[in-house]
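Visitor: Whatever this is, show me its structure:
(chains A and B)
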Amino acid sequence: MQGKVQNRDVFLDKVAKRLGRARKMTIEPPVWKYNPQEEYLKGASRDELLEAFKTNGTGVNCDVTIAKKADAPKAVYDSIKALGGGPIVTWKDSRYEELFGLGKLFKEQLPGENIELFEWNHTLGRENIEKANTANIGITISEITLAESGTAVVYSDKDRGRTINFLPENSIILVPKSSIVPRMTQATKIIREKVKKGEVLPSCINYITGPSKSSDIEMKLVVGVHGPVRVKFIVIEDL
Amino acid sequence: MSIKTKFAGDKFKVRVEKKVKDSFMRGAVASATDTINGRKNQLTAEMGNWEDWRNHGEEIRKHVLENLDYYLHQFSENVAKNGGHVYFAANAEEANKYIREVVQKKNAKKIIKAKSMVTEEIGMNDSLEEIGCEVVESDLGEFILQLDDKEPPSHIVVPTLHKNKEQMRAVFERKLNYEGSSQPEELALCARKVLREKFLAADVGVIGCNFAIAETGSTTLVTNEGNADLVADLPKTLIVCMGMERIVPTFEEMDVLVGLLTRSAVGQKLTSYVTNLTGPRREGDVDGPEEFHVVIVDNGRSNILGTEFQPVLQCIRCAACINICPVYRHIGGHAYGSIYPGPIGIVLTPLLDGYEGNKELPYASTLCAACTEVCPVKIPLHQLIRRHREIIVEKEGKAPFSEKMMMKAFGLGTSNASLYNMASRMAHSVVKPLTKGDKITKGVGPLKEWTDYKDMPKPNKERFRDWFKKHKGGNN
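Guide: Numbering: from 1, shown residues only, chains lettered A, B, ... in the order given. Below is the predicted model:
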């Protein structure tokens, strides 16, 4: 549905007038003289990118585990245990099984141990948010991963709720090794390619770098202010 | 609140006098700014090409301002295409009227907010409270200040810089019946519990926007707490408030400016959360707003376009100029009497609010140019401050002689290398009448208040560069 735009012409006419010219309806795309953002880890190998991600993704209440694909279920299980178990919320996403082989863990092993796991289901509406709000752990998947800052980029979708990354006390983010790029520069190029192809962007793209934190009380770092207290990245060597 | 804070009622001199004597505030400001500056310097040194980043930031911001009408048109078209609504507000009244209408149409009473300088500037909270709404600030620092009878922030990135944890504990005890300790973790946990309920119960969310992306109609949020995300994800109606200059052409320029912002503001490669919102929730989505409104605010900004002050609109609100400013370090944020303190505030406040009541602000500067050097988008802040002084003097017909001297000694020269050489050689003799031993003990203008309290080191008789020239033979 098309939204409404109000008061635009009088507002923009004034802007153009102040700039001393008529309104511009087209412009030449800018050509920038500087592009320093391209330099970071230019031409780095997959292993170098992983190494940088590991270094930069490690911090206060935040760390990185690397596992071979066959060991992914064990790595995820160990992390769940270390973070205090359930309740757990996940997206409804076939990649948990396809990329990481977690189907059996989610559907059999955890329920068998009475660890509650709730799979996001958009037809249930608000119940999803209530589940996320009381969950101990949320588990999501990184689309693009930034080596420079140790950041996961996640996309929202009807079966991939945004709030799974914010409401639970702990966060596990699964990172396919192949998703690691040098920095945000490459991520925004990937996103822009989608735009150019006419794809609809997710309504929310989150770049997540560690736990929620604040220094508003005497500049002392406090983690877990509104969102997760701990973030665990599990990189799966899918290459 | 508007641009002027409740402290603006006092004369500038009185404000400075009060603040300079607040030793906790001065210690907190000094240690916080040292921490942020230290982290920032380390990061930018590691990069090795920070100057190119600044140049790129500057060229992006200049290009956008020169084509602002084009990009705002493109942005608003794309927000509408995504199903969002855009309202262009010429001033604070129009912005508040529209926001009230959105809120009233929803019969909304509970508003949750993430920190936004523009909503402070237009006094949105008061406007919504007048129609019976509860407006809750969710940024931890802003939440504490709001609880403390709406005390104004003293810094645009760390709003509570002037307050210690015992004072905060007392506020929690008074307003939330808190019985815990003054440990930051425990205070934050209390706020987390109170605010989590507020997030879940709110009817309308209000957030700011660091960068609006014209090509896609997306907005960008940069936070460490994640509060803005909960504001954007949980209430059914979301209002994004942005100053009209806060725009970039595409996702690619957003990348560059976010990188400049997080490094300059808090010395982090990225904050914990950066978020791009593109319209309301899609069909089937459970979280995210059903209604998405963007309010684009002029409120005096367009009058700056086309003038010699246009570069101030390049600002990305990182506060690096504030953190490096020797005057801010001594007098703190409240003394400025504006929601925008420090060098950026000195330049911006008289432009948005007029010279009346703000005439002394441009003198809260040594014109040392540290602000200009540190600005990630290369705004010539000290030159613009000096320009304000010139305009005030032209209007008033006079300036105190001492200020003229200070200007000559520290200001005039910095824009030109040979003048700088001359001025820094002159500096010693210019301040000589004010000195005792090697300290400046009698400041002039607002400087007087610092020097009454604390002596400033006197410029060396021998300049460092002369000393270096003499001594660099050491290795030979």
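
Visitor: so B:Val29 touches B:Lys163, yeah?
Guide: No: in this structure, B:Val29 is not within contact of B:Lys163 by Cβ atoms under 8 Å, at 11.3 Å. All C-beta spots, glycine's among them, are computed from the backbone N, C-alpha and C.

Visitor: And those two? Which one has more around it.
Guide: For the pair B:Val29 and B:Lys163, the greater number of neighbours falls to B:Val29 (25 against 22), based on other Cβ atoms under 10 Å in any protein chain shown.

Visitor: The more buried one: what's it in contact with?
Guide: B:Val29 makes contact with B:Ser154, B:His155, B:Leu161, B:His162, B:Tyr328, B:Arg329, B:Gly332, B:Gly333, according to Cβ atoms under 8 Å, 6 or more residues apart in numbering or on different chains.

Visitor: From these, which land in helices?
Guide: B:Tyr328, B:Arg329 (DSSP state H).

Visitor: Most neighbours among the contacts of B:Val29, which one is it?
Guide: Tallying neighbours with other Cβ under 10 Å puts B:Gly333 at the head of those, with 29 neighbours.

Visitor: what's around A:Arg23, how many residues?
Guide: Look at A:Arg23: counted by other Cβ under 10 Å, it has 14 neighbours.

Visitor: so who does it touch?
Guide: Neighbours of A:Arg23 in contact, by Cβ under 8 Å, 6+ apart: A:Leu12, A:Asp13, A:Ala16, B:Asp69, B:Tyr70, B:His73.

Visitor: Now do the strands for chain B: every range, in order, please.
Guide: In chain B, the strands defined using DSSP state E lie at B:85-89, B:110-113, B:134-137, B:204-207, B:211-213, B:218-223, B:237-243, B:247-248, B:273-277, B:291-297, B:435-436, B:439-440, B:456-457.

Visitor: List the contacts of the third one.
Guide: In other words, strand B:134-137. By Cβ under 8 Å, 6+ apart, strand B:134-137 touches B:109-113, B:115, B:124-125, B:128-129, B:143, B:145-146, B:195, B:198, B:202, B:206.

Visitor: And those residues, which of them are buried?
Guide: Neighbour counting with 16 or more other Cβ atoms under 10 Å in any protein chain shown marks B:110-113, B:115, B:124-125, B:128, B:143, B:145-146, B:195, B:198, B:202, B:206 as buried within these.

Visitor: List just the nearest of those to chain A.
Guide: The shortest approach to chain A among the buried ones among the contacts of strand B:134-137 belongs to B:Leu195, at 6.5 Å (Cβ to the nearest Cβ).

Visitor: And that closest one, how far from B:His162?
Guide: 22 Å (Cβ to Cβ, to the nearest Å).

Visitor: same check, this time on B:Glu245
Guide: Distance, B:Glu245 to B:His162, by Cβ to Cβ: 28 Å.

Visitor: what does B:Pro184 give?
Guide: Distance of B:Pro184 to B:His162, given as Cβ to Cβ: 16 Å.

Visitor: How about B:Val297?
Guide: When B:Val297 is compared with B:His162 (using Cβ to Cβ), they lie 27 Å apart.

Visitor: before we move on, what about A:Lys33?
Guide: Taking Cβ to Cβ, one finds A:Lys33 at 41 Å from B:His162.
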